[in-house]
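J.: generate a structure from the sequence data that follows.
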Amino acid sequence: MPAVSKGDGMRGLAVFISDIRNCKSKEAEIKRINKELANIRSKFKGDKALDGYSKKKYVCKLLFIFLLGHDIDFGHMEAVNLLSSNKYTEKQIGYLFISVLVNSNSELIRLINNAIKNDLSSRNPTFMCLALHCIANVGSREMAEAFASEIPRILVAGDTMDSVKQSAALCLLRLYKTSPDLVLMGEWTSRVVHLLNDQHMGVVTAAISLITCLSQKNPDEFKTCVSLAVSRLSRIVSSASTDLQDYTYYFVPAPWLSCKLLRLLQCYPPPEDGAVKGRLVECLETILNKAQEPPKSKKVQHSNAKNAILFEAISLIIHYDSEPNLLVRACNQLGQFLQHRETNLRYLALESMCTLASSEFSHEAVKTHIETVINALKTERDVSVRQRAADLLYAMCDRSNAKQIVAEMLSYLETADYSIREEMVLKVAILAEKYAVDYSWYVDTILNLIRIAGDYVSEEVWYRVIQIVINRDDVQGYAAKTVFEALQAPACHENMVKVGGYILGEFGNLIAGDPRSSPLVQFNLLHSKFHLCSVPTRALLLSAYIKFINLFPETKATIQEVLRCDSQIRNSDVELQQRAVEYLKLSSIASTDVLATVLEEMPPFPERESSILAKLKKKKGPGAVSVTELDDSKREGGELNGGGERSSDSAAMAASNASTPSPSADLLGIRSSAPMGAAPSAPGSLLVDVFSEAGPAAPAAAVNNDGFMRELEQPTDTSDSLLVEGSGDADSAPPSEDPADPLPEADELLNKFVCKNNGVLFENQLLQIGIKSEYRQNLGKMYLFYGNKTSVQFASFSTTVSCPGELQSQLNVQSKPVEPLVEGGAQIQQVLNIECLTDFCEAPLLNIKFRYGGALQNLTLKLPVTINKFFQPTEMNSQDFFQRWKQLSQAQQEAQKIFKASHGMDTEVIKAKLLGLGSALLDDVDPNPENYVCAGVIQTKGQQVGCLLRLEPNAQAQMYRLTLRSSKESVSKRLCDLMSQQF
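T.: Next up is the predicted model:
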């Protein structure tokens, strides 16, 4: 940039600014400004032409006056005239004035655009940079219309100077953010991507900001940037601080560029090219290794730069969720930060570990830090860090540590900040319910919760404990005894009175045999709380009283006396008055049989999802509860294919598949899936919320004898008003567009769900599709969650499910329609009912169409419905297995593959995947303890197909031999093809 000469000092401007600063009052300042404005106006209107210096000086004064908060209504033309000057300082002031004062509706915009075009075509790098800065600063749609096609040409031109390329990249980024529809890269795409190879680091740094933004909106067009980004990152990471002297910040080579490269890679899945992926893994390992090295400087800038790169690398590792070694190393590195003296580092470590806890590979590593996290919850001074610690405890909780974590959270609740108490209450309630094997522990926990933080216990929490107690015969007596004891406390929260009134009214007879809790004692205890309660609680207690008359006839006279008193039958509240009058009359005139019929015990509630989860989602905001919360099978023993829990313990497996729900059944009505293999979304992105209030389980859904929802039964002819083929509103779908062909990666996406039922099926920059499914015998139910990741509405949204070719006679899929409009940041749900008629090989197709910004989006995926979803596990001993194995010895009954291992041969991962297949994993059956054998039956409407599986790993050769035998050739081949792609 040219140096400013002494003559450009503008002494008049300095004097004016000094006068303004010396003004003693606001009035004096306004007087001085008005005097100066009059002088400038006279100079501009005078007959004598002003030279460039004078124009510049007066325009600067006008700009200073504007910045003081005064309106400027003249001088714009003089500023435009400065743009045609050949002097840098004059042109600079002209552009500065225009950038600040000229709006897009100005009549001068055409003159300004002409001046900018002249500077862009001048090939003078200084003038070109000024023009580009002005375009970016104004950033209006008019500017984009005028220059969006010109700037990419300047950016990729071979003779453009590096400083101009940097300005052009950032200018184009600004225009793309304001008017993305006008910035069309087209032919420039590949040349812009190759700027990542530019020798000038400043150009690369500016270009990567542009490429990252473009990749987020058009990932397919810019996917070639992945290999170039990995290459550039590798060069930076492996370089010494002396190699990049101009771009080394406190001994850290190019930290800003490194962070941007790592962030760019988070826009894409792991590289498919083995060499590129290997190089990237090396980079990430190097970054983790450098984090362990002693610091080269004690300056805070050095540690900040180093940690910034580390956290971006960890975010990328979490995003990929495919490298167990890196995930565990990242977890261990974050664990070191949990006790760091820097508060921000502790906060970031806790936040990142929350995401790591949802990965099957790193969950166990996260759990090793439980004591440190608990200590942070108790001792941290910063409330935001304590909240992150509570979030991490919630995320790392499973059946093995649930009691410890819930106890610690309850203990912390007594002294917790008021701002996070409600959220803490919801989390404790969810964990206690989700991992309750012993229902008496669940009741104790919720009652403690009410005692400690009653004011923050929402109705959803105590409603839920009532539902569970009513549905569980084995806990009703214990609940009545416990709540009776809790009500004896002198100070008792009103929510405790509500729970006590309801439970004693229903099950007080179970403890009435003890003289200490006789019927009259129970009634007097409840009635002693009556006058302290609000109207809704009093109404509930009155209902409990009439229930007492049915349960304990000896209390009838006492209760009638209470109902007859003026404070009840003449109560000013109409609800209480009506209840008192009606209950009194009912108890007086109804016979014992009629009274018993009217006041019989409440029937079990239908199984439904917990409303507490919806409450937590509202508290945390959109996307707070994600599909990953369902993905607990690795750490919970693995509920697979919608059945009960399947663990290595065969007895537990048999119990979980019994018709009566086991004590460890999921109280939420949510059946977890096999280990999740899909990469989770990057932190901060929209996550599929499977717990919305319009959730999968309808409130009226009845439960049949085997505990499976009747909605999964084959739809009858009368159901076609509720279920339609495909989806939706014919008027909302684009009529002229045929469904697109399945995406190239459709088979890969389908293979990820062979051994799991829940997760993210598809995700790009616009749309995220999540799945939650469950299967029983030959029936299945699938919930699809369509999330709009943008801030723009999706219009004409429609989905169609089709079964191509022979699949129509093999699989029956029916779907409920979806809403035609999906607001920005919102999510809608679709329910599919699936029936397996006979064995099949192909998968149903899901076509999604919608309009985004006026452009039609049309994509087709394969729904992850595979034949193994209809497996029913079969337990066998060694003798039965090999006897059946020999019976299936015909050539057409066997399918076998020998293949190279594509993943690490980890025993636990192999077992989890075999369990995820849906069959029973049989222990101590094969003579070779290294081998795995499974047995199961494929359930279709027409027949049952028995299947046996044998997997023989060779760790030295990194090979597998997979053998499938079944009574049907097509089933053996299909299962063999599916499973060989999982290892």
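J.: just checking, which helix or strand succeeds the host helix or strand of N550 along the chain?
T.: Per DSSP states H and E: N550 is located in helix 535-551. Scanning the chain past helix 535-551 towards its C-terminal end, the next helix or strand to appear is helix 556-564 (assignment: DSSP H and E).
J.: for the helix holding N550, which outside residues touch it?
T.: Outside of helix 535-551, the residues that reach it under the criterion CB atoms under 8 Å, 6 or more residues apart in numbering are 494, 497-498, 501-502, 504-506, 508-509, 512, 519, 522-523, 526-527, 529-530, 533, 555-556, 559-560, 562-563, 568, 573, 575-576, 579-580, 583, 586-587, 595-596, 599-600. Quick note: C-beta positions are derived from backbone N, CA and C, even for glycine.
J.: flag every buried residue along it.
T.: Neighbour-count burial for helix 535-551 flags 537-542, 544-551 (criterion: 16 or more other CB atoms under 10 Å).
J.: how many neighbouring residues does A308 have?
T.: Taking other CB atoms under 10 Å as the criterion, the count of residues near A308 is 17.
J.: so who does it touch?
T.: By CB under 8 Å, 6+ apart, A308 lies in contact with 255, 259.
J.: now S99, nearest residue through space, not along the chain?
T.: For S99, ignoring the flanking residues on the chain, the nearest one in space by CB to CB, 6 or more residues apart in numbering is N137 at 3.9 Å.
J.: next helix or strand past the helix or strand where that neighbour lies?
T.: Element membership of N137, judged by DSSP H and E, is helix 125-138. From helix 125-138 onward toward the C-terminus, using DSSP H and E, the following helix or strand is helix 141-147.
J.: got any ranges where the stretch 51-200 of the chain has weak pLDDT?
T.: In the predicted model, the stretch 51-200 of the chain carries pLDDT under 70 at residues 103-106.
J.: can you give me the strands for it?
T.: Counting by DSSP state E, counting those that start in this stretch, one finds no strands in the stretch 51-200 of the chain.
J.: mind listing the helices for it?
T.: 52-67, 76-82, 88-101, 109-120, 125-138, 141-147, 151-156, 162-178, 189-193 (DSSP state H, counting those that start in this stretch).
J.: buried set for the fourth one?
T.: Looking back up the chat, that one is helix 109-120. The neighbour-count criterion (16+ other CB under 10 Å) identifies 109, 111-113, 115-116, 119-120 as the buried residues of helix 109-120.
J.: how about I898, secondary structure?
T.: Counting by DSSP: H, G, I helix; E, B strand; the rest coil, the backbone at I898 sits in strand.
J.: so how far is stretch 139-152 off the chain centroid?
T.: 36 Å (CA atoms, centre = their mean, to the nearest Å).
J.: phi and psi next, for A491.
T.: Summarising the backbone geometry of A491 under the convention degrees, to the nearest 10, its torsions are phi -110, psi 110.
J.: I'd like the distance between it and D220.
T.: A491 sits 64 Å away from D220, taking CB to CB, to the nearest Å as the criterion.
J.: now for the chain, the helix or strand with the poorest mean pLDDT.
T.: Of all the helices and strands that make up the chain, the one with the lowest confidence by mean pLDDT, DSSP states H and E is helix 650-656; it has a mean of 32.
J.: name all residues that make contact with I65.
T.: Contacts of I65 were listed using CB under 8 Å, 6+ apart, and they are 33, 36-37, 72.
J.: would you list these in a markdown table and tack on distance to G942, secondary structure and neighbour count?
T.: Written out in a markdown table, the entries for those read as follows (distance: CB to CB, whole Å; DSSP: H, G, I helix; E, B strand; the rest coil; neighbours: other CB atoms under 10 Å):
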| residue | distance to G942 | secondary structure | neighbour count |
| --- | --- | --- | --- |
| I33 | 91 | helix | 19 |
| E36 | 94 | helix | 19 |
| L37 | 92 | helix | 18 |
| I72 | 84 | coil | 16 |
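J.: could you find the closest non-adjacent residue to K296?
T.: The shortest distance from K296 to any non-neighbouring residue, by CB to CB, 6+ apart, is to F251 (4.2 Å).
J.: wait, doesn't A429 sit right on I446?
T.: Yes - proximity of A429 to I446 meets the contact threshold set by CB atoms under 8 Å, at 6.6 Å.
J.: shared neighbours of these two, anything?
T.: V461.
J.: right, so of the helices of the stretch 51-200 of the chain, which gets closest to L377?
T.: The closest approach between L377 and any of the helices of the stretch 51-200 of the chain, judged by CB to CB, belongs to helix 162-178 at 40.1 Å.
J.: which strands or helices does that closest one pack on?
T.: Here helix 162-178 touches helix 125-138, helix 141-147, helix 151-156, helix 201-217, going by 3 or more CB pairs under 8 Å, 6 or more residues apart in numbering; DSSP states H and E.
J.: looking at those, which is nearest to L82?
T.: Across the helices and strands packed on helix 162-178, L82 has its closest neighbour in helix 125-138 (11.1 Å, CB to CB).
J.: may I have the phi/psi pair for the residue nearest to K296?
T.: Here F251 shows phi and psi, under degrees, to the nearest 10, equal to phi 70, psi 10.
J.: okay, now it: neighbour count?
T.: Residues contacting F251 under the criterion other CB under 10 Å number 16.
J.: repeat for Q939
T.: Other residues within reach of Q939 by the criterion other CB under 10 Å amount to 18.
J.: before we move on, what SS does P219 have?
T.: Going by three-state DSSP, the secondary structure assigned to P219 is coil.
J.: just checking, it touches L265?
T.: No - checked against CB under 8 Å, the pair P219 and L265 is beyond contact range at 11.8 Å.
J.: coming back round to it: show me the contacts of helix 535-551 that map onto strands.
T.: Members of the contacts of helix 535-551 lying in strands (criterion: DSSP state E): none.
J.: may I see the PyMOL selection of the buried members of those residues?
T.: Of the contacts of helix 535-551, the buried ones can be selected in PyMOL as follows, counting by 16+ other CB under 10 Å:
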select buried, resi 494+497+498+501+502+504+505+506+508+509+512+519+522+523+526+529+530+533+555+559+560+562+563+568+576+579+580+583+586+587+595+599
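J.: which ones among the contacts of helix 535-551 map onto helices?
T.: 494, 497-498, 501-502, 504-506, 519, 522-523, 526-527, 556, 559-560, 562-563, 568, 575-576, 579-580, 583, 586-587, 595-596 (DSSP state H).
J.: pLDDT weak spots in the stretch 201-350 of the chain?
T.: For the stretch 201-350 of the chain, counting by pLDDT under 70, the residues that fall below are 241-243.
J.: show me the helices in it, by range?
T.: Secondary structure of the stretch 201-350 of the chain (DSSP H, counting those that start in this stretch): helices located at 201-217, 225-237, 255-265, 274-292, 300-320, 324-337, 343-356.
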